[in-house]
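Visitor: Below are the sequence and a predicted model for it; my questions follow.
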Amino acid sequence: MSLPTGPLPPLVAPGDELTRDEIARYSRHLIIPDIGTTGQRRLKNARVLVMGAGGLGSPTLLYLAAAGVGTIGIVDFDVVDESNLQRQVIHGVADVGRPKTASAVDSIAAINPLVRVQVHETRLTAENAVELFRGYDLIVDGTDNFATRYLVNDAAALAHKPYVWGSIFRFSGQVTVFYQDAPDGRGLNYRDLYPQAPPPGSVPSCAEGGVLGLLCATVGSLMGTEAVKLICGIGEPLLGRLLVYDALAMTHRTVRFGQDPAREPITGLIDYDEFCGVVSDEAVAVAADATISPAELRAAIDGPAPPVLIDVREPVEFDIVALPGARLVPLGGIVSGTAIADIPHDGPVVLYCKTGIRSAEALAALRRAGLDRPVHLAGGITAWAHQIDPELPTY
């Protein structure tokens, strides 16, 4: 049975009458029949919480501010890094080292000083999410890890709030709308589309796999568009439809999805790191007694029997930076077993990746294959750069 389609009722009641300055600023909205002064007053009265001032949060925040959303909340506890500037356009060179929330506040003020910004410089947790969401009309989630995505979903359901969701990876993006309390039996949430998190290590993050900076603008603007439609009650929202965008082919398609009959009701929040298993239980157990620090590796390299270094990242990462003398054996070949022969069976062996997650999974695969000599580097090449060789490039 297909779910009803069409517009949803407006999320927000109209606010105060527009001032002369607001009429001048938003005039191109006001002459659109579907928005008009009533729709603009809804935007003025709206409270939207954006999860993160990163790749997707940046364009979404800028356009929601320009559109006249009256109150915008930002949840972010990170600082601006040079690697962010390729895609996080709300920040500039002068912002490197600053809290992302502070940088975002300045950029929003430069675009629209009429917008009120509420900063939540904190990590979203099971303890604070529901109460935080209750203070807003709509949530916009562009976070890049599964634990946070499931947390946002469950907290939004418990707080009875709709949310716009987006994700990006390399040249592709996805956008949809989730709203557990949608009228006419149209209620859907993230668990209807993704009942279970993927196995640990099976889906690389943007930090591991990369993302085209321009893709953020496309997907972020789509997310902002969905937010405006929900606030004003116009058009057909992406509720029950997943929009999939391919920048390389310059195509997009929508995939319909419905309620999962096996999904259990959301009655409370859980431990989402455990639910998603950033690292598999097997890898955690194996790595407990087979992990060395950057300092220990430095000493071993300088010792009489230096270890063989095995880099389990992808070739493009190896081309950016690698430890001297390391051999490239990507994780996929180790897990599948096709590259087991490339790992020395005698003598000391140290596996490493970018941050230590993939090397722990590689270590577990080698233990299953009967190799008990290898160990892995805690924190990966990133930790090595920070603790041993600050001149080494990071990415």
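Guide: That came in fine, so what should we check first?
Visitor: Phe169 sits in which helix or strand?
Guide: strand 163-169 (DSSP states H and E).
Visitor: Now do that strand: everything it contacts.
Guide: 55-56, 138-142, 144, 149, 152-153, 156, 173-179, 190, 204, 206, 209, 211, 215-216, 219-220, 222-223, 226-227, 230, 238 (Cβ atoms under 8 Å, 6 or more residues apart in numbering). No exception for glycine: its C-beta is placed from N, CA and C like everyone else's.
Visitor: So how do I select the buried members of those residues in ChimeraX?
Guide: To isolate the buried members of the contacts of strand 163-169 in ChimeraX, using 16 or more other Cβ atoms under 10 Å:
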select :55,56,138,139,140,141,142,144,149,152,153,156,173,174,175,176,177,178,179,190,204,206,211,215,216,219,220,222,223,226,227,230,238
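Visitor: I'd like to know which of the contacts of strand 163-169 are part of strands.
Guide: Among the contacts of strand 163-169, the members found in strands (DSSP state E) are Leu138, Ile139, Val140, Asp141, Gly173, Gln174, Val175, Thr176, Val177, Phe178.
Visitor: Note down every partner strand of the strand holding Phe169 and its orientation.
Guide: strand 138-141 (parallel), strand 172-178 (antiparallel) (DSSP bridges).
Visitor: Pass me the low-pLDDT residue ranges in the chain, would you?
Guide: 1-3, 200-202, 277-278 (pLDDT under 70).
Visitor: Which segments of it make up each domain?
Guide: 20-270, 281-387 (automatic domain parsing).
Visitor: Output those in a markdown table, with distance to Thr394 appended to each entry.
Guide: Converted to a markdown table, the domains of the chain look like this (distance: least, Cβ to Cβ, whole Å):
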| stretch | distance to Thr394 |
| --- | --- |
| domain 20-270 | 8 |
| domain 281-387 | 5 |
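Visitor: mind checking which of those domains is nearest Pro14?
Guide: For Pro14, the closest of those is domain 20-270, at 3.7 Å, according to Cβ to Cβ.
Visitor: Tell me how far the strand holding Phe169 lies from the chain's centre.
Guide: Distance of strand 163-169 from the chain centroid (Cα atoms, centre = their mean, to the nearest Å) equals 8 Å.
Visitor: Ok, stretch 64-80 next?
Guide: For stretch 64-80, the distance to the chain centre is 16 Å (Cα atoms, centre = their mean).
Visitor: now do stretch 387-395
Guide: Using Cα atoms, centre = their mean, the offset of stretch 387-395 from its chain centre is 25 Å.
Visitor: contacting residues around Ala262?
Guide: With Cβ under 8 Å, 6+ apart, Ala262 has these contacts: Pro195.
Visitor: how far away is it from Pro237?
Guide: Taking Cβ to Cβ, to the nearest Å as the measure, Ala262 falls 25 Å from Pro237.
Visitor: before we move on, what about Ile270?
Guide: From Ile270 to Pro237 the distance is 28 Å (Cβ to Cβ).
Visitor: Quick one: the strands paired with strand 163-169 as TSV, columns for distance to Asp319 too.
Guide: Shown next, in TSV, are the strands paired with strand 163-169 (distance: least, Cβ to Cβ, whole Å):
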stretch	distance to Asp319
strand 138-141	33
strand 172-178	22
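Visitor: Stretch 91-106: which residues count as buried?
Guide: By neighbour count on 16+ other Cβ under 10 Å, the buried set for stretch 91-106 is His91, Asp95, Pro99, Lys100, Thr101, Ala102, Ser103, Ala104, Val105, Asp106.
Visitor: Over to stretch 40-51?
Guide: Applying 16+ other Cβ under 10 Å to stretch 40-51 flags Gln40, Arg41, Arg42, Leu43, Lys44, Asn45, Ala46, Arg47, Val48, Leu49, Val50, Met51 as buried.
Visitor: I'd like the buried residues of stretch 91-106 written out as JSON lines, with secondary structure added.
Guide: Putting the buried residues of stretch 91-106 into JSON lines (DSSP: H, G, I helix; E, B strand; the rest coil) gives the following:
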{"residue": "His91", "secondary structure": "coil"}
{"residue": "Asp95", "secondary structure": "helix"}
{"residue": "Pro99", "secondary structure": "strand"}
{"residue": "Lys100", "secondary structure": "helix"}
{"residue": "Thr101", "secondary structure": "helix"}
{"residue": "Ala102", "secondary structure": "helix"}
{"residue": "Ser103", "secondary structure": "helix"}
{"residue": "Ala104", "secondary structure": "helix"}
{"residue": "Val105", "secondary structure": "helix"}
{"residue": "Asp106", "secondary structure": "helix"}
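Visitor: closest to Thr382 among those?
Guide: Lys100 (19.4 Å).
Visitor: hang on, the earlier thing: between all of the ones in strands among the contacts of strand 163-169, which two are at the greatest distance?
Guide: That would be Leu138 and Gly173, which, of the ones in strands among the contacts of strand 163-169, are the farthest apart (Cβ to Cβ) at 19.9 Å.
Visitor: Need the outlier residue of the chain, farthest from its centre.
Guide: Pro304 (44.2 Å; Cα atoms, centre = their mean).
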